[in-house]
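>>> Sequence below, structure please.
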Amino acid sequence: MDCVNVSPTADPVDVFVSYAGPDRPWAEWVAHQLLTAGYSVELDVWNWSVGSNAVLNMDGALNRARRVVALYSAAYFERNRFSLDEWTAVLAERPDAHGRRRLVPVRVEAVNPPTILAPLVYGDLFGLDEQHALEVLLKAVEGVAGKPSTSPHFPGRRAFSGGDGPRRPGTYPAVWNVPHRHPAFTGREAALASLRERLTSGDRAVVQALHGWGGVGKTQVAIEYAHLFGGAYELVWWIDAERPDLIGEQISALAVAAGWVDPETIVTTALTTTMQRLRAVSRWLMIFDNAESAEHLASWLPPQNGHVIITSRSSTFADVAIPVELDVFTRSESITLLRQYLPLLGDREADRLAHALGDLPLGLAQAGGLIVETKMTVPEYLAELDVRAAMVLAESKPASYTAPLAAAVQLSTSQLRTEDPAAFQLLNLCAYLAPEPIPLDWFTAAGADALDEPLATVVTARLAFRLSLRRLARVGLARLTDDGMQLHRLTQAVLRDQGTPQECEMARQRVEGLIASVEPDNDGSDPASWPAWATLLPHLLTLDPATAGRRVWTVACNALYYLVMRGEYQTALSLAEAWHRHWLAAAGPDDRHVLWAANQVATAHHRLGHHEQARRLNEDTLSRHSRALGDDHSNTLTSANNLAVNLAALGDHERARQLNEDTLNRRRRALGDDHPDTLRSANNLAINLAASGDHERARQLNEDTLNRRRRVLGDDHPDTLSAANNLAVNLTALGEDEQARQLDEDTLNRRRRVLGDDHPDTLSAANNLAYDLTVLGHHEQARQLNEDTLNRRRRVLGTNHPDTLKSAAGLAINLAALGDDERSRQLTDQISTQRRRVPEGDALESP
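This is a model prediction of the structure:
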């Protein structure tokens, strides 16, 4: 039944229908029957406008309704649904003077309600013919909401006439040829509900084109929709649209099944008759499954009186339908499907299996079937999938799919190899990248060195390149956006597995060249480059720099620097240690990239508070750089800068000062006063001066550094904000507390905007502003800021990180000042360091 467009009002209604999402067909049938019987009814999908507040709507409906018809099912009693709030709210009310409650329960499937509902007698609507189900419904409602003034209409099973009103769910129209639904179908609740909403909204929305990757379950969703909402239609007809030349025959068969023409009628006459009949009536649904393109289908689409669903791997249906992309399962849907096959599957193994299969419904169904059939364990299956994907994904085809995933991929790629060699080459390159989006401009900017012919030529011609991309999408091997493409991880695995060793090695080398050619210009120090690095990183990690060729080592080292600058210290440390270990074995301890990786390991250690580990690494790196490159080489000076910061963190301020002074002088001589590296050394020397008590000289050097950084790098660059932070420290030491507060407040606001609320540098600025507020006697403001900073640092850095302990100490001071001595003592017992203002050393340099 189409949506009854009635807005909720304050007027009372006889019945509010309470149900869970999967039971919407039952809800529509119940609501329609009650309306026909003369009751006033409120149903969310009829009465509540899209985008309105569902909670307020529900509250209003429960207040307006004289009775609440509850449709009992397993889904209805799930704890994460609004239906739980509805029935518990009504149950909490006292019975009326006759001992009756507003809740009117009826079951729509075999389910045992919770014990608290046991006193309420329910009727069963399922398992009955329509007339008996209607009698049960009306008997349950009669006498509690007022006897209806009209008798209900029974649609019955009759020849198609376009009548109104849904049938009881589970019954289908006489004109029906939809394939059987999959017994293990699960999930897609949101997709089905959304599809129903769009189809019943009118206008162009009555034609919906479901598209997406091969194996994502487009056909299964269309089948499930037809079975779920079949009672709302008087005709449902399924057409296999993969071969356009056979569509006419199938529409002619519809005319015969509906009794509009004799079986001997020629096809052209049957087609004309069908279109005339469909134009005159509504309440019909036609499904065109597996259509190749809009141009192949446009002439066969019926008039828009009824509903049409198209399924296709292609997204090019905007001219004739509303394209709707069907994505992979949510993780919870994946696990639910896996447990249809493997009921005893544990949470951890289910999650691992779903992740490895990329939540692709076909892959999940094949995996579940194969594990059941072979009795292999999940680890065994995952190991086989890792090394023999094409073989594994060729097995256990579900009955509801036309081919296993591997066969579908292999068929499509064999067609591409002949029809569009450039698309075939592009596909095989992308198989060695990550399953995340791949920017198209990577290929157009890569140059001839990174690509083979004919792809190298095709990418230089915009239209030709887009046509090749369209072919990939049409066969369901890629998902396209305006500026990128994406392959599913299982498609990639099959593609990698079906190539010869020589083809695989050649493709990998091409991808290494591609990654090297698209490295962002900035080394990761400037936040402006971070989106580009965020896009590149998953593809770099998939390539695995530990075992990749040397041309990606530079990209890998800069990617580590990006991670450190983003505050991802633990991730940077894990990767840097792994890459350093492999490169050291391959190239020796004095190799430039090996030393570069050692520098990144040390930097991550320093940021995590592991200063002694950082010092040892930086001392070794400095020694090797100095011996091989000389004292004035930029790499040597970077190592000297970083070692000086480690020494200062360990309290060796005099040695740090000497090293920073020497480094600053060498950099001024070689690079000039305004070079970013020179300013890093100046910033760090100012810290050493302040630590030795020379606050005025430190202030002068910090002011000069801040002014130069603002001019050279801009007001919001991380290095500029670090200099502002350190100048505020000097101001506090010199007693200029209000000026320090103003500068720290500005720094915090800028860091929040540029870096985000949880970045370690942002939290450092918050810590320092809280210190200023404490010094100025604003203990309540300081407490609030310290409490927030402490919670964030615990989450981001861990409970025992030095910065976390400093926030805890600061909060303890505020609590004591506010008279909360007990909580202050509790915090003090948990920490062993005295909180102080902390200047920020620029240790984050890369060679």
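>>> out of all of them, which strand in this protein is the longest?
Counting by DSSP state E, the longest strand found in the chain is strand 65-72.
>>> what are the ranges of the strands in this structure?
Under DSSP E, the chain gives strands at 13-18, 41-42, 65-72, 103-107, 123-124, 175-176, 207-211, 235-240, 284-289, 307-312, 322-325, 438-439, 479-480, 484-486.
>>> Each with direction, which strands does the third one pair with?
Just to be clear, that refers to strand 65-72. When sheet partners are counted by DSSP bridges, strand 65-72 sits next to strand 13-18 (parallel), strand 103-107 (parallel).
>>> Could you single out the most deeply buried of the ones you listed?
Stretch with highest mean neighbour count among the strands paired with strand 65-72: strand 13-18 (a mean of 24; mean count of other C-beta atoms under 10 Å). Using the backbone N, CA and C atoms, a C-beta is placed for each residue, glycine as well.
>>> Quick one: low-confidence residue ranges for the stretch 151-300 of the chain.
Residues of the stretch 151-300 of the chain that meet the criterion pLDDT under 70 lie in 151-165, 167, 202-205.
>>> can you map out the helices along it?
For the stretch 151-300 of the chain, the helices defined by DSSP state H, counting those that start in this stretch occupy 189-199, 218-229, 247-257, 267-280, 294-297.
>>> Make JSON lines out of these and add mean neighbour count and distance to Trp442.
Listed next are the helices of the stretch 151-300 of the chain as JSON lines, based on neighbours: other C-beta atoms under 10 Å; distance: least, C-beta to C-beta, whole Å:
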{"stretch": "helix 189-199", "mean neighbour count": "17", "distance to Trp442": "32"}
{"stretch": "helix 218-229", "mean neighbour count": "23", "distance to Trp442": "29"}
{"stretch": "helix 247-257", "mean neighbour count": "19", "distance to Trp442": "40"}
{"stretch": "helix 267-280", "mean neighbour count": "16", "distance to Trp442": "48"}
{"stretch": "helix 294-297", "mean neighbour count": "18", "distance to Trp442": "29"}
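>>> Between the ones you listed, which one is closest to Thr828.
Of all these, the one in closest proximity to Thr828, counting by C-beta to C-beta, is helix 189-199 (50.1 Å).
>>> Need the CA coordinates for that closest one. CSV is fine.
Presented in CSV, the C-alpha positions along helix 189-199 are these (Å, rounded to 0.1, in the frame of the first residue of the first chain):
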residue,chain,number,x,y,z
GLU,A,189,17.0,-4.1,7.0
ALA,A,190,18.0,-0.4,6.4
ALA,A,191,18.4,-1.0,2.7
LEU,A,192,15.0,-2.7,2.4
ALA,A,193,13.2,0.0,4.5
SER,A,194,14.9,2.8,2.4
LEU,A,195,13.9,1.1,-0.8
ARG,A,196,10.3,0.9,0.3
GLU,A,197,10.3,4.5,1.4
ARG,A,198,11.6,5.7,-2.0
LEU,A,199,9.3,3.5,-4.1
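>>> For that helix, report the contacting residues that lie outside it.
Helix 189-199 has contacts (C-beta atoms under 8 Å, 6 or more residues apart in numbering) with 21-22, 24, 45, 50, 205-206, 208, 210, 221, 224-225, 228-229, 307, 309, 322, 324, 326.
>>> Show me which of these are buried.
21-22, 24, 45, 205-206, 208, 210, 221, 224-225, 228-229, 307, 309, 322, 324, 326 (16 or more other C-beta atoms under 10 Å).
>>> Tell me which stretches of the stretch 651-800 of the chain form helices.
Taking DSSP H, counting those that start in this stretch as the test, the helices found in the stretch 651-800 of the chain are 653-671, 676-691, 695-713, 718-733, 737-755, 760-775, 779-796.
>>> could you dump those to JSON lines with mean pLDDT and mean neighbour count?
Supplementary listing: those in JSON lines, determined by pLDDT from 0 to 100; neighbours: other C-beta atoms under 10 Å:
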{"stretch": "helix 653-671", "mean pLDDT": "95", "mean neighbour count": "19"}
{"stretch": "helix 676-691", "mean pLDDT": "93", "mean neighbour count": "25"}
{"stretch": "helix 695-713", "mean pLDDT": "95", "mean neighbour count": "19"}
{"stretch": "helix 718-733", "mean pLDDT": "93", "mean neighbour count": "25"}
{"stretch": "helix 737-755", "mean pLDDT": "95", "mean neighbour count": "19"}
{"stretch": "helix 760-775", "mean pLDDT": "94", "mean neighbour count": "24"}
{"stretch": "helix 779-796", "mean pLDDT": "95", "mean neighbour count": "19"}
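>>> closest one to Leu467 among those?
Proximity to Leu467, assessed across the helices of the stretch 651-800 of the chain by C-beta to C-beta, is greatest for helix 737-755 (41.0 Å).
>>> which residues touch the closest one?
For helix 737-755, the surrounding residues in contact (C-beta under 8 Å, 6+ apart) are 527, 567, 715-716, 718, 721, 724-725, 727-729, 731-732, 759, 761-762, 765-766, 768-769, 772-773, 775-776.
>>> how far away is the residue located most distally from the centre of the chain from Ile251?
Here the centre of the chain is the reference, and by C-alpha atoms, centre = their mean the most remote residue is Glu264, at 54.2 Å. Distance, Glu264 to Ile251, by C-beta to C-beta, to the nearest Å: 16 Å.
>>> Any idea how far apart the tips of stretch 111-125 sit?
With C-alpha to C-alpha, to the nearest Å as the measure, stretch 111-125 spans 12 Å from end to end.
>>> Mind listing what's buried along it?
Here stretch 111-125 shows 113, 117, 122-123, 125 as buried, counting by 16+ other C-beta under 10 Å.
>>> Would you mind writing the CA trace of stretch 619-630 as PDB?
Provided in PDB are the C-alpha atoms of stretch 619-630 (Å, rounded to 0.1, in the frame of the first residue of the first chain):
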ATOM      1  CA  GLU A 619      73.800   9.200  19.200                       C
ATOM      2  CA  ASP A 620      74.500   6.300  16.900                       C
ATOM      3  CA  THR A 621      72.800   8.000  13.900                       C
ATOM      4  CA  LEU A 622      74.800  11.200  14.600                       C
ATOM      5  CA  SER A 623      78.100   9.300  14.700                       C
ATOM      6  CA  ARG A 624      77.400   7.500  11.400                       C
ATOM      7  CA  HIS A 625      76.200  10.700   9.600                       C
ATOM      8  CA  SER A 626      79.200  12.700  10.800                       C
ATOM      9  CA  ARG A 627      81.700  10.000   9.800                       C
ATOM     10  CA  ALA A 628      80.100   9.500   6.300                       C
ATOM     11  CA  LEU A 629      78.900  12.900   5.400                       C
ATOM     12  CA  GLY A 630      80.800  15.500   7.500                       C
END
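>>> Report the rounded mean pLDDT for that stretch.
Stretch 619-630 carries an average pLDDT of 95.
>>> got a list of contacts for that stretch?
With C-beta under 8 Å, 6+ apart, stretch 619-630 has contacts from 589-590, 595, 598-599, 602, 633, 635-636, 638-640, 642-643.
>>> Which among these count as buried?
Of those, these count as buried by 16+ other C-beta under 10 Å: 595, 598-599, 602, 633, 635-636, 638-640, 642-643.
>>> Pipe the residues you listed into TSV and attach pLDDT and distance to Glu373 per row.
Output for these, formatted as TSV (pLDDT from 0 to 100; distance: C-beta to C-beta, whole Å):
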residue	pLDDT	distance to Glu373
Leu595	95	53
Ala598	95	50
Asn599	94	52
Ala602	95	52
His633	94	63
Asn635	93	58
Thr636	95	63
Thr638	93	59
Ser639	94	59
Ala640	95	64
Asn642	93	57
Leu643	95	61
